[in-house]
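S.K.: Below is the structure, and that's it, no one-letter string:
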């Protein structure tokens, strides 16, 4: 068993999930699990923010379509806090490719593709710190 770590993570409810009206249902999953939402905002991602957020993907062939999608409409950004938040949230979100995401995970229940996969969650504490600073520099 891993050590208990109190940490924060960033979650983005992506434009596909917002368009489908899934925002409340997705937020409820995190609250039901016991996480505390400490910041939330709705925004449409700018080109510069997309490039900063997905910096590790900019030179990859799939990035232009990924960027187009993430900028295609409003998304909901939120910071949640709780024990092992990064690790537990990643498990709740499911595999990046929705085809591989288990039923019961957010992607397994609410999405059908790899790109339009409902949510983003920070993959480690270091990424969470960087991503939270991008979307919520005030906290």
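M.R.: Now that the structure is in, tell me what you want to look at. The shown structure was predicted, so the numbers you read here are calculated from the model rather than taken from an experiment.

S.K.: where along the protein do the helices fall?
M.R.: Secondary structure of the chain (DSSP state H): helices at 15-19, 23-33, 47-53, 63-70, 85-93, 106-110, 125-135.

S.K.: Take the ones you listed and write them to TSV, including mean neighbour count.
M.R.: Placement of C-beta: from N, CA and C, glycine included. Conversion of these to TSV gives the following (neighbours: other CB atoms under 10 Å):
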stretch	mean neighbour count
helix 15-19	20
helix 23-33	15
helix 47-53	15
helix 63-70	15
helix 85-93	20
helix 106-110	21
helix 125-135	16
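
S.K.: between those, which one is nearest to residue 116?
M.R.: helix 15-19 (4.1 Å; CB to CB).

S.K.: outside of the closest one, which residues touch it?
M.R.: Helix 15-19 is touched from outside by 23, 26, 42, 69-70, 72-76, 110-111, 116-119, with contacts defined as CB atoms under 8 Å, 6 or more residues apart in numbering.

S.K.: between those residues, which is closest to residue 98?
M.R.: For those, the nearest to residue 98 is residue 111 (4.2 Å; CB to CB).

S.K.: Report the central residue of the chain.
M.R.: The centroid of the chain falls nearest to residue 120 when counting by CA atoms, centre = their mean (2.2 Å).

S.K.: what residue ranges in this structure score low on pLDDT?
M.R.: 1-5 (pLDDT under 70).

S.K.: gap between the two ends of stretch 17-37?
M.R.: End-to-end distance of stretch 17-37 (CA to CA, to the nearest Å): 19 Å.
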